[in-house]
Structures are given as C-alpha cells and as structure tokens.
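Visitor: only the shape, not the letters, is given here:
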Ligand code: EPZ
C-alpha cells in the first residue's frame, strides 16, 4: 500500500504554487452538463475527487478532452443516461452535484447516495427540501436519490442550516427553472461564488452569491464558456500552517488574499508574521507558537477544513488552546494519531482541549480523512524522527502532488509503495 515516509525536523522554506480549488472544481465540472455547447475549464486541480467525477460524467455520455493537466473541454450534447451509479462515485461527496445539474437540464436524475470523508453525519435534507420547493419529486430507493419534475418553478427557499452543498445544488436546479428563486441563509463560501460566476458566464442570471440571499432568475438555456477556477483556499491555508508548525518561511503563490482572511488572523494570533501582496502570501514563524481559541464557522468564519491543521499547530504552542468544530461532529478522529506522536489533547464532544507540548515524535500513523491526513503530515514534518503515514489515498482526494510540493520546500518526505523501501529512506535521510 502506498504510504508516506517522513523524517521531521526541517523548517520548510520557499515558494509553492497553489492549484485550483477542489471544492469549486467539483460543482463547476458537474454544472458543465447544463449546456449542449462545449465548456472549457482551466485551473482544474488534478486530484482524485475531480478525476472520479469526470469519469462518472464520461460514463453518462459527457465527452471529455484533456487539453493539459489542468484544463479540460467538456461537451454534454450526447448525454445518454441520467442514472449515475458507478462504484467510485459513491465515494465522493460531490456526486450529488450531478443531481442539481441534471435535474435542471433534463428534469430527471438518479444518482448514487453520496459518500465523502467520514467527518460526521452529512445530511442531505436541505438539498431535498430545495428540489421539492422547485417542484421536483424526490425519493431515495436502492441506494439512489431519484428526482423527477414535470417543470421546475422558482420558489422562495429558506435553508434551515448554512450548507455549501445544498446552496450549490439548489442554485443549479433553479438556473433553468421557470421564474425566480430566492435562497435565504445561503452559504457564502468562495466556491459558491465561483459556481455562480461560472453559471453566469454561461448565460445564467444569478445575483447575490457571496451574501446570504441569492436570487436566481431562471433562463431557458445555457451556452458554452471558458472559465478558470479560483485558487484553493484550503490548499493555501495548509501550506501556511506548514510554515507555522515547522518554524519555516513559506510563500504561497496564486492565491486570493481575501479568501484567506480568517486563516491569516489566526496565524497572526499564534505569533506568525504574515506578509500579503497581490496574489501571494508569505508566512514566517521563528518562535514557539502562542495559544488561541478557535471555533469553526461557515465562511467568512474559520473553515472546518482548516481545523486539523490549526490544531496541529496549537499542539506545539505554549499553554492551553480550545478548538470547537461547529460544522461537523466527528472531525477529531486524527487526535488519537496525534497523541501517538506525543500530543496532549482531550476531546469532549465537538471540542478539543489542547495542552501544547514542546515537540512531537515520529510514529506509525494513518490518515483518517483528507484534511486531517494533511495535518498529520505537517505534524510529522515537525516531529523528531521518522513517521509513516498510511491511508494517504484520502490526502490524494484533494491535494495535488502534496509530497512533491513539500519536498520542494525542503521536507524529507517520500511516497513509498513497499515497507522495504523505508529502510532505504532511513539510510538516505539518516
Ligand atoms: C462541503 O461539504 C465541502 N465539500 C467540505 O469539504 C466542507 O467541509 C464543507 O462544505 C463545509 O465547508 C465539498 O465542497 C465537496 P455542508 P458539504 O453541506 O457541502 C449540515 C473537504 O475537506 N447539513 O456545508 O457536505 C451538515 O451535516 C470537505 O474538502 C444538513 O444538516 O457541507 C453539516 O453539519 C470535507 N443538511 C453542515 O450542514 C443538509 O442538507 C455543513 O455541511 C446539508 C448539510
């Protein structure tokens, strides 16, 4: 099985280019089925989740032409099948974006119930509520969500909780509905705005994305477009925290500083220096980190997708910090692994009480999910001695060339396929 071997101790220094945002790419790729014309997408991250989605789209008849590692042309004129149920699609959360997209265009879709990282109960009641408000029938049968509508009619929808997925799905379904839809208590994440911009570039009429009220005037058809996906705020944040944890000096390039405000605020609070320029952000950490308290919140609050990374940093700070995840109730599964590395953390419900230690020590650990996996790699890079990280397929869901980007910053990390190679790694790095 593939795993990472890591020798910790090097401060990470240098520049790293941030790729396109996975969580924007997924709905944008899915929304490409909403027109019969060709759609050219650039700055697409080459990660497992986008590749799984593209494969599922190919299976229902979407023509795909890769024009580069990060660019693809999609044409959905010959979609022949509105049932999406290949084995892999169940593993990704974003499979459900095909419901909103197909329902909008074809007024019917059947998609395998979504999977994704096991970070808590991931309900879809708000998606269903939105589809039903637009006039669709929704049933769950044989592991599929089946939706169908004679016509979709605009509606006034109040989301009971702030949900990225439900906001995106309802926005897509409403785009080709008759009349106006208003989504209240909408999610404001940058990827919600990116999808709205993408749909508008295809002829949709969506206003207010990025605020908590989104107004969608239905249009009868969408046309082709050329579109570049926004940079990944979470990939950027992960490298920024890698600088903090390893006492390094990292510049993340190709970022939108506005999207990183809550992350920067916390880095400054824990004692890092942060310098911002147009599309770069430099993080320098030289002293022992300070404590802080963190509560994850919908955007513009501190993202749940950065919670494990900040906890790893706070685990090395001087004193006690409290981290509460208000979005997902099971996002502390990495804590047991971090404790193997010497961390002092106690989890009570959705709160972690972290007593900072002076150092982590290398251990055999595994990634419990995508962001936690990346956070544990960062912990290992700061730890004394050797660490192996298993189950790295989670990390590959959302980070492109993670170990290569880290190597370029001076990390001693290698992707190994065989336990025997670990001895060689030790000899090389010893
Ligand atoms: C998206 O998940 C992201 N995934 C997640 O990123 C991210 O953690 C999450 O948003 C929050 O920012 C993708 O974009 C593919 P939600 P999503 O619907 O859409 C509750 C990563 O690491 N809820 O905003 O599934 C839900 O239980 C991943 O890249 C309902 O109750 O998240 C949760 O508590 C992991 N009913 C909260 O809302 C619903 O119908 C937020 O979930 C929908 C959600």
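Guide: Cool, got the structure. Predicted, not measured: the structure shown is a model, and the values here were computed from it.
Visitor: ends of stretch 212-221, how far apart?
Guide: One end of stretch 212-221 sits 26 Å from the other (C-alpha to C-alpha, to the nearest Å).
Visitor: let me fix that: stretch 42-50
Guide: So stretch 42-50: terminal residues 13 Å apart, C-alpha to C-alpha.
Visitor: run the chain-centre distance for that stretch.
Guide: Relative to its chain's centre, stretch 42-50 lies at 11 Å (C-alpha atoms, centre = their mean, to the nearest Å).
Visitor: what does stretch 277-297 give?
Guide: Its chain's C-alpha centre and that of stretch 277-297 lie 20 Å apart, by C-alpha atoms, centre = their mean.
Visitor: quick check: buried residues in it?
Guide: Using 16 or more other C-beta atoms under 10 Å as the test for burial, stretch 277-297 gives 280-285, 289-292, 294, 296-297. C-beta coordinates here come from the backbone N, C-alpha and C atoms, glycine included.
Visitor: any idea how far residue 235 lies from residue 303?
Guide: In this view, residue 235 and residue 303 are 12 Å apart by C-beta to C-beta, to the nearest Å.
Visitor: ok, the closest residue to the ligand within the chain to residue 110 distance?
Guide: Taking C-beta to the nearest ligand atom, the ligand has its nearest neighbour within the chain at residue 165, 2.8 Å off. In this view, residue 165 and residue 110 are 18 Å apart by C-beta to C-beta.
Visitor: burial measure for the residue nearest to residue 13 when sequence neighbours are not counted, as a count.
Guide: Leaving aside its sequence neighbours, residue 13 sits nearest to residue 249 (C-beta to C-beta, 6 or more residues apart in numbering; 4.8 Å). By other C-beta atoms under 10 Å, 18 other residues sit near residue 249.
Visitor: so residue 249 makes contact with residue 239?
Guide: No: in this structure residue 249 lies outside contact range of residue 239 using C-beta atoms under 8 Å: 11.6 Å.
Visitor: identify the contacts common to these two.
Guide: In terms of C-beta atoms under 8 Å, 6 or more residues apart in numbering, residue 249 and residue 239 are not both contacted by any residue.
Visitor: one step back: which of residue 165 and residue 110 has more residues huddled nearby?
Guide: Neighbours per residue (other C-beta under 10 Å) separate residue 165 from residue 110, with residue 165 holding more: 24 against 20.
Visitor: counting by contacts, list what the helix or strand hosting residue 241 packs against.
Guide: Per DSSP states H and E, residue 241 falls inside helix 233-245. Contact analysis of helix 233-245 by 3 or more C-beta pairs under 8 Å, 6 or more residues apart in numbering; DSSP states H and E lists helix 22-31, strand 249-253, helix 261-269, strand 280-284, helix 307-314, helix 370-382 as its packing neighbours.
Visitor: list the buried residues in stretch 30-46.
Guide: Residues of stretch 30-46 classed as buried by neighbour count (16+ other C-beta under 10 Å): 30-35, 38-41, 43-46.
Visitor: starting at the chain centroid, how far to that stretch?
Guide: The answer for stretch 30-46 is 18 Å, by C-alpha atoms, centre = their mean.
Visitor: start to end distance for that stretch?
Guide: Terminal residues of stretch 30-46 lie 16 Å apart, using C-alpha to C-alpha.
Visitor: so is it next to the ligand?
Guide: No: interface with the ligand: stretch 30-46 contributes nothing (C-beta under 6 Å from any ligand atom), its closest point being 10.4 Å away.
Visitor: what mean pLDDT does that stretch get?
Guide: Averaged over stretch 30-46, pLDDT sits at 98.
Visitor: about what we covered before: so which strand or helix has the residue of the chain closest to the ligand?
Guide: helix 164-175.
Visitor: return the set of buried residues in that helix.
Guide: 164, 165, 166, 167, 168, 169, 170, 171, 172, 173, 174, 175.
Visitor: pull the residues that contact the helix or strand following that helix.
Guide: Using DSSP H and E, the helix or strand that follows helix 164-175 towards the C-terminus is strand 180-184. For strand 180-184, contacts defined as C-beta under 8 Å, 6+ apart pick out 130, 134, 154-159, 167, 170-171, 174, 212-218.
Visitor: is strand 180-184 positioned near the ligand?
Guide: No: on the criterion C-beta under 6 Å from any ligand atom, strand 180-184 is out of touch with the ligand, staying 12.8 Å away.
Visitor: chain center to the next helix or strand after that strand: distance?
Guide: Counting by DSSP H and E, the next helix or strand C-terminal to strand 180-184 is helix 190-201. Remark: helix 190-201 is offset 16 Å from the chain centroid, using C-alpha atoms, centre = their mean.
Visitor: show me what whichever helix or strand comes after helix 190-201 is packed against.
Guide: Per DSSP H and E, the first helix or strand lying C-terminal to helix 190-201 is strand 205-207. Packed against strand 205-207 by the contact rule (3+ C-beta pairs under 8 Å, 6+ apart) you find helix 190-201, strand 213-217.
Visitor: contacting residues for residue 74?
Guide: If you count contacts by C-beta under 8 Å, 6+ apart, residue 74 has them with 29, 32, 33, 38, 39, 41, 57, 62, 63, 64.
Visitor: so which bits of the stretch 201-350 of the chain are right by the ligand?
Guide: Contacts of the stretch 201-350 of the chain with the ligand, taken as C-beta under 6 Å from any ligand atom, map to 304, 305, 327, 328.
Visitor: go again using 5 Å as the cut-off
Guide: Contact residues, the stretch 201-350 of the chain versus the ligand (C-beta under 5 Å from any ligand atom): 304, 305.
Visitor: just the stretch 1-150 of the chain next, same as before
Guide: Residues of the stretch 1-150 of the chain lying near the ligand (C-beta under 5 Å from any ligand atom): 23, 93, 94, 117, 123, 124, 125, 126.
Visitor: what's near enough to touch the third one?
Guide: Shown here is residue 94, whose contacts under the criterion C-beta under 8 Å, 6+ apart are 26, 27, 30, 49, 53, 114, 116.
Visitor: which one (most neighbours) among those?
Guide: residue 27 (30 neighbours).
Visitor: so it sits against residue 187, correct?
Guide: No: judged on C-beta under 8 Å, residue 27 makes no contact with residue 187 at a distance of 11.5 Å.
Visitor: rewinding a little: in helices, which of the contacts of residue 74 fall?
Guide: Counting by DSSP state H, the part of the contacts of residue 74 found in helices is 29, 57.
Visitor: so which of the contacts of residue 74 belong to strands?
Guide: When the contacts of residue 74 are checked against strands (DSSP state E), the matches are 39, 41, 63, 64.
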